[in-house]
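>>> Here is my input; please provide its structure:
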Amino acid sequence: MAGGVGSRFWPRSRVERPKQLLDIVSDQSMLRVTYDRLSKITEQHKIYIVAGPNLKEALQKELPEMPDSNLIVEPSGKNTAPAIGLVAALLKRDEADDVIGVFPADHLITDLDTFRDNVQVGIEFAKAEDALITFGIEPSRAATGYGYIKFDHSQASHANQIFKVERFTEKPDLESARNMVSSGDYLWNGGMFIWRISSILKALKIHLPEMYSKLEIIRAAVGRDDCQEIMEQAWSEIEGESIDYGVLEKASNVYVIKGMFDWNDVGSWDALYEIEDKDESGNILEGNIQAFNTENSLIHSKDLRIAAVGVKNMIIIKSGNAILIINRNESEQVKEVVARLKKDAEFEYL
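A predicted model of the protein is given here:
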């Protein structure tokens, strides 16, 4: 899934160059890193990308080896359930019931061997069971920016790696997060999934029947001269919904793999600060920066000279025609800045 806008990484992340196309965690884009990671699990011709039309050219340029037919263009962003459903519907084959994995294009995973092993566990389970499988990550702290999965210790399989899911909890307050982490009954929701095509389409039919009917219209139109017109009309009638809320929180056949690999969704500037190397003052200084008496801050500017004096615990990002100045503890609120820019129709900054 590569259609997100990465609003919490504004001003570097913009509509035409979102987070997944940026070199945030290495000298390669997050999309490229994800594509190469999945290439170690399956053949490249089996890797599909779903995103909106505004990113089509940029994605093709970033991954020139990818067949054009493997880029599935959704007419507009409708959240994860329609995107996942569209891919499943278009890949449905009468003669086979393939297992598909769903992975965001902007996660950081460095323990590739363990990741591959855990994915293989999920593939084998999906082949054997009519199951919706998600990945859970062992919490390292009481984070309020992640969703949580409560799992049933008594229903374990595959060497205690797969568990029945009891419930999902979206981004709790700090006290609730502390209680969940200390209980040992919860995992972070990693936002990655494995299931058979028939399993996810059946779940969509049960829990989001109107969406499913529109996806079936799109699937039936494939190969027709008016396919694009039919797709755009049906898509316009689909209500946006997340796969978690629309399906997984309602279904009874949901399981979680306890991911044993390192994972970070790099969801905010402060999350990036936590994983990057810092100097002796706890700073990350990228580009044309001078810093005096400055501590525990992330400052980025490739062109404009920034001089920071007496700055502590701050994020300062200059990119293009905008500058962000925000306390590290408030970095989740960058999305509110983007929301206000949209509301005020200041599209030149988006």
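
>>> drop to CA atoms for contacts and neighbour counts, all remaining ones
Noted.

>>> and the residue nearest to Val266 when sequence neighbours are not counted, how many neighbours does it have?
Sequence neighbours aside, Leu272 is the residue nearest to Val266 in space, at 5.7 Å (criterion: Cα to Cα, 6 or more residues apart in numbering). For Leu272, the count of nearby residues is 18 (other Cα atoms under 10 Å).

>>> element containing Leu272?
helix 269-275 (DSSP states H and E).

>>> Specify the beta-bridge partners of the closest residue to Thr169 other than its chain neighbours.
Counting by Cα to Cα, 6+ apart, Thr169 lies nearest to Tyr148, which is 5.0 Å off, once chain neighbours are set aside. Note on Tyr148: beta-bridge partners by DSSP bridges are Thr169, Trp188.

>>> so who does Tyr148 touch?
By Cα atoms under 8 Å, 6 or more residues apart in numbering, the contact list for Tyr148 reads Phe168, Thr169, Glu170, Lys171, Tyr186, Leu187, Trp188, Asn189.

>>> next one: Ala83
By Cα under 8 Å, 6+ apart, the contact set of Ala83 is Met1, Val50, Ala51, Glu74, Gly77.

>>> can you rerun that using 7 Å?
Contacts here follow Cα atoms under 7 Å, 6 or more residues apart in numbering; on that basis Ala83 touches Val50.

>>> next one: the one 3 residues further on
Contact analysis of Leu86 by Cα under 7 Å, 6+ apart lists Leu215.

>>> And the nearest residue to Arg14 once chain neighbours are set aside, what's its pLDDT?
Closest residue in space to Arg14, ignoring its immediate chain neighbours: Leu350 at 5.3 Å, by Cα to Cα, 6+ apart. Leu350 is assigned 94 on the pLDDT scale.

>>> and Leu350, how many neighbours does it have?
By the criterion of other Cα under 10 Å, Leu350 has 22 neighbours.

>>> Need the contacts of Tyr148 in TSV (columns: pLDDT).
Converted to TSV, the contacts of Tyr148 look like this (pLDDT from 0 to 100):
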residue	pLDDT
Phe168	94
Thr169	91
Glu170	87
Lys171	86
Tyr186	94
Leu187	95
Trp188	94
Asn189	94
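
>>> if we can go back for a sec, go ahead and confirm the residue nearest to Val266 touches Asn264.
No. Using Cα atoms under 7 Å, Leu272 is not in contact with Asn264; the gap is 9.1 Å.

>>> re the thing from before, only whichever of the contacts of Tyr148 are buried, select them in PyMOL.
Only the buried entries of those go into this PyMOL selection, using 16 or more other Cα atoms under 10 Å:
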select buried, resi 168+169+171+186+187+188+189
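
>>> and which of the contacts of Tyr148 is nearest to Gln333?
Here the nearest of those to Gln333, counting by Cα to Cα, is Lys171; it sits at 14.1 Å.

>>> so what's the backbone phi/psi at the residue nearest to the closest one when sequence neighbours are not counted?
Among residues not flanking Lys171 along the chain, Gly147 sits closest, at 4.7 Å (Cα to Cα, 6+ apart). Here is the backbone geometry of Gly147 (degrees, to the nearest 10): phi -80, psi 160.

>>> Output the lowest-mean-pLDDT helix or strand in the chain as CSV, nothing but the C-alphas.
Within the chain, no helix or strand scores below strand 148-157, which has a mean of 86 by mean pLDDT, DSSP states H and E. C-alpha atoms of strand 148-157 as CSV (Å, rounded to 0.1, in the frame of the first residue of the first chain):
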residue,chain,number,x,y,z
TYR,A,148,-3.2,-2.4,20.2
ILE,A,149,-4.3,-6.0,19.8
LYS,A,150,-5.4,-8.1,22.7
PHE,A,151,-4.6,-11.8,22.0
ASP,A,152,-5.7,-15.0,23.7
HIS,A,153,-2.7,-16.8,25.3
SER,A,154,-4.8,-20.0,25.5
GLN,A,155,-5.3,-20.3,21.8
ALA,A,156,-1.8,-20.5,20.3
SER,A,157,-0.4,-22.4,17.4
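
>>> Next, the buried residues of that strand.
Buried residues in strand 148-157, counted by 16+ other Cα under 10 Å: Tyr148, Ile149, Lys150, Phe151, Asp152, Ala156.

>>> ok, which stretches of the protein are helices?
Shown for the chain, the helices assigned by DSSP state H span residues 30-39, 56-62, 80-91, 112-128, 174-183, 197-207, 209-221, 227-236, 243, 269-275, 334-343.

>>> Who are the packing partners of the fourth one?
The one in question is helix 112-128. On a contact count with 3 or more Cα pairs under 7 Å, 6 or more residues apart in numbering; DSSP states H and E, helix 112-128 meets strand 99-102, strand 186-196.

>>> Report all helices and strands that the shortest one contacts.
Identification of packing neighbours for strand 99-102 by 3+ Cα pairs under 7 Å, 6+ apart yields helix 112-128, strand 186-196.

>>> ok, and the closest non-adjacent residue to the residue sitting nearest the centre point of the chain?
In the chain, the centroid-proximal residue (Cα atoms, centre = their mean) is Pro104; its distance is 3.6 Å. Among residues not flanking Pro104 along the chain, Met1 sits closest, at 4.7 Å (Cα to Cα, 6+ apart).

>>> Pick the most buried one from the helices and strands packed on strand 99-102.
When these are scored by mean count of other Cα atoms under 10 Å, the highest mean neighbour count falls to strand 186-196 (a mean of 24).
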